[in-house]
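Colleague: Quick one, what's the 3D model for this:
(one chain, ligands or ions: 1)
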Amino acid sequence: MIINQKRLIEEFIELVQIDSFAGQEREIADALIEKLRKLGCRVTEDNAGKTINGNAGNLIAKLPGNSDKPTILFCAHMDRVAPGNNIKPIIENDIIKSDGTTILAADDVAGIVAILEGVRTAKEQNVDHGNIEIVFTIAEEGGLNGAKALDVKQLEAKFGYFLDASGPVGTIVNQAPSHKDLDLIFYGKAAHAGLRPEAGINAIVVAAEAIANMNIGRIDFETTANVGVIKGGSATNIVPDQAEVNCEIRSLNEDKLQAQLEHMIAKAEKAAEKYNTKIDIKVTDCYPGFIIPETEPVVALAVKAANSIGIEPIIEGTGGGSDANIVNGLGIPSVVLGLNFQDVHSKNESIAITDLIKSAQFVLSIIENA
Ligand SMILES: [Zn+2]
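Modeller: Numbers count the residues shown, from 1 in each chain. Predicted structure coming up:
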């Protein structure tokens, strides 16, 4: 066993106990800056914190190589979801969990410690490596806002690995959809519902007709759409003059995403036209998608690294978005690696020590096999 299990667990326990909500990563960032410097990295912090009104930026660390192997990027996020303050981790045999009052924050502290311990071990074992870049982002949860403000000009890596997926260690996520939000406001006309209903236009009815005519759910194997929120009306005796409908569309295929978006907008416009009323339409690009062929170096190296330590590589797509979507969009081909954390974003969240060790070994193996 090359990985120092005791040190890895201690670092995990230490870091989950540092509170770190999105936008409030200062304390964990300071702890990580110190650890990265001890590893021999030059560490800078970009201005993303200012952009999002947070108290820390993305950390960008660079470890100079000792060979001419390619520069590799490793990335994990520093923030976590609620309830994630005052975490009291408990170790039971091979499992680490919280005391049940909070999440565990294995998402994404497991990714952070796998990177730190993998790189640390590579140094201790005098492994030949190219330049290594490590990015610890802020504000991944709730909008990938740290990555969106990442100062990517500082990076020279040809490809990257994000440690932030569920699924067994060995999982290599090489595709993820684009995602757009569609926000619709249907306008009606208010009137007293008992005295003069015929003078009103019921915005809820207009919205309902539009939604009823939309194809949503799974559109095809690579496209999904959802109507997630509907708000409108203020009292039963008033014909509502406004109804708001919030939708999302995701697809691995940009053309299909656009077609689905246009379909939903067309149904909204048709309903508004039928009732002779107006709508507001707002489309938001949440993040771009990516599909990286298995022949690309970033995937091929991960497969080779997994095989060389006896971990089964599992190449698969996801329906979700992560910082990797943003960084792929910024021009650095990147895949997401599975950490096998369980029940993330819940108080039942847990991770096996065996998997923490495997992830650190996987990072080390990627460095060795590059
Ligand atoms: Zn995460």
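Colleague: Show me which residues of whichever helix or strand residue 14 is part of are buried.
Modeller: Assessed by DSSP states H and E, residue 14 sits inside helix 5-16. For helix 5-16, the neighbour count (16 or more other Cβ atoms under 10 Å) marks 8, 9, 11, 12, 13, 15, 16 as buried. Every C-beta, even on glycine, is put in place using the N, C-alpha and C of the backbone.
Colleague: can you list contacts of it?
Modeller: 28, 31-32, 35, 87, 89, 91, 96, 104-106, 109-110, 112-113, 116-117, 353, 356-357, 360 (Cβ atoms under 8 Å, 6 or more residues apart in numbering).
Colleague: Let me see the mean pLDDT of that helix.
Modeller: Summarised as a single mean, pLDDT over helix 5-16 is 98.
Colleague: which residues in the stretch 201-350 of the chain form strands?
Modeller: For the stretch 201-350 of the chain, the strands defined by DSSP state E, counting those that start in this stretch occupy 217-220, 223-232, 242-251, 279-287, 290-291, 314-317, 334-338, 350-352.
Colleague: what's the closest of these to the ion?
Modeller: Proximity to the ion (Cβ to the ion) singles out strand 334-338 among those, at 9.3 Å.
Colleague: partner strands of the closest one, parallel or antiparallel?
Modeller: strand 159-165 (parallel), strand 171-176 (antiparallel) (DSSP bridges).
Colleague: Which stretch among those strands is buried most, on average?
Modeller: strand 159-165 (a mean of 25; mean count of other Cβ atoms under 10 Å).
Colleague: Name the residues of the stretch 101-250 of the chain found near the ion, please.
Modeller: 107, 108, 164 (Cβ under 5 Å from the ion).
Colleague: Please name the nearest non-neighbouring residue to the first one.
Modeller: For residue 107, ignoring the flanking residues on the chain, the nearest one in space by Cβ to Cβ, 6 or more residues apart in numbering is residue 344 at 4.2 Å.
Colleague: List the contacts of the one you found.
Modeller: By Cβ under 8 Å, 6+ apart, the neighbours of residue 344 are 103, 106, 107, 166.
Colleague: Am I right that the third one sits in a helix?
Modeller: Looking back up the chat, that one is residue 107. Yes. Judged by DSSP: H, G, I helix; E, B strand; the rest coil, residue 107 forms part of a helix.
Colleague: Show me the domain layout of this structure.
Modeller: Domain segmentation of the chain under automatic domain parsing yields 5-176+289-369, 178-287.
Colleague: out of the buried residues of helix 5-16, who's nearest residue 328?
Modeller: residue 15 (26.6 Å; Cβ to Cβ).
Colleague: any idea which helix or strand carries the residue lying farthest from the centre of the chain?
Modeller: Residue farthest from the centre of the chain, counting by Cα atoms, centre = their mean, is residue 195 at 51.6 Å. Using DSSP H and E, residue 195 sits in no helix or strand.
Colleague: Run a quick neighbour tally on residue 215.
Modeller: Counted with other Cβ atoms under 10 Å, the neighbours of residue 215 add up to 11.
Colleague: pLDDT score assigned to the residue positioned nearest the centre of the chain?
Modeller: Geometric centre of the chain, nearest residue: residue 322, 2.4 Å, by Cα atoms, centre = their mean. Listed pLDDT for residue 322 reads 95.
Colleague: so which of the domains of the chain is the most packed in?
Modeller: Per stretch, and counting mean count of other Cβ under 10 Å, the top mean among the domains of the chain goes to domain 5-176+289-369, which has a mean of 20.
Colleague: Tell me how far it lies from the chain's centre.
Modeller: Distance, stretch centre to chain centre, for domain 5-176+289-369: 11 Å (Cα atoms, centre = their mean, to the nearest Å).
Colleague: And the residue farthest from the centre of the chain, how close does it get to residue 237?
Modeller: Using Cβ to Cβ, to the nearest Å, residue 195 is found at 9 Å from residue 237.
Colleague: I'd guessed residue 163 sits against residue 115; true?
Modeller: Yes. With contacts counted by Cβ atoms under 8 Å, residue 163 reaches residue 115, the gap being 6.2 Å.
Colleague: ok, now which ones touch the closest residue in space to residue 289 that isn't next to it in sequence?
Modeller: Leaving out its chain neighbours, the residue that sits closest to residue 289 by Cβ to Cβ, 6+ apart is residue 178, at 3.7 Å. Contacts for residue 178 (Cβ under 8 Å, 6+ apart) come out as 250, 251, 252, 254, 257, 285, 287, 288, 289, 325.
Colleague: just residue 183 next, same as before
Modeller: 244, 245, 246, 247, 280, 281, 282, 283, 284.
Colleague: tell me which element it is part of?
Modeller: Using DSSP H and E, the element containing residue 183 is strand 178-187.
Colleague: How about residue 357?
Modeller: Here residue 357 is assigned to helix 353-369, by DSSP H and E.
Colleague: between the lengthiest helix in the chain and strand 223-232, how big is the angle?
Modeller: For the chain, the longest helix by residue count, based on DSSP state H, is helix 254-274. Helix 254-274 and strand 223-232 are oriented at 30 degrees to each other (axes from the mean of the first three to the mean of the last three Cα atoms, to 10 degrees).
Colleague: helices or strands up against helix 254-274?
Modeller: Other helices and strands packing on helix 254-274, by 3 or more Cβ pairs under 8 Å, 6 or more residues apart in numbering; DSSP states H and E, are strand 178-187, helix 203-212, strand 217-220, strand 223-232, strand 242-251, strand 279-287.
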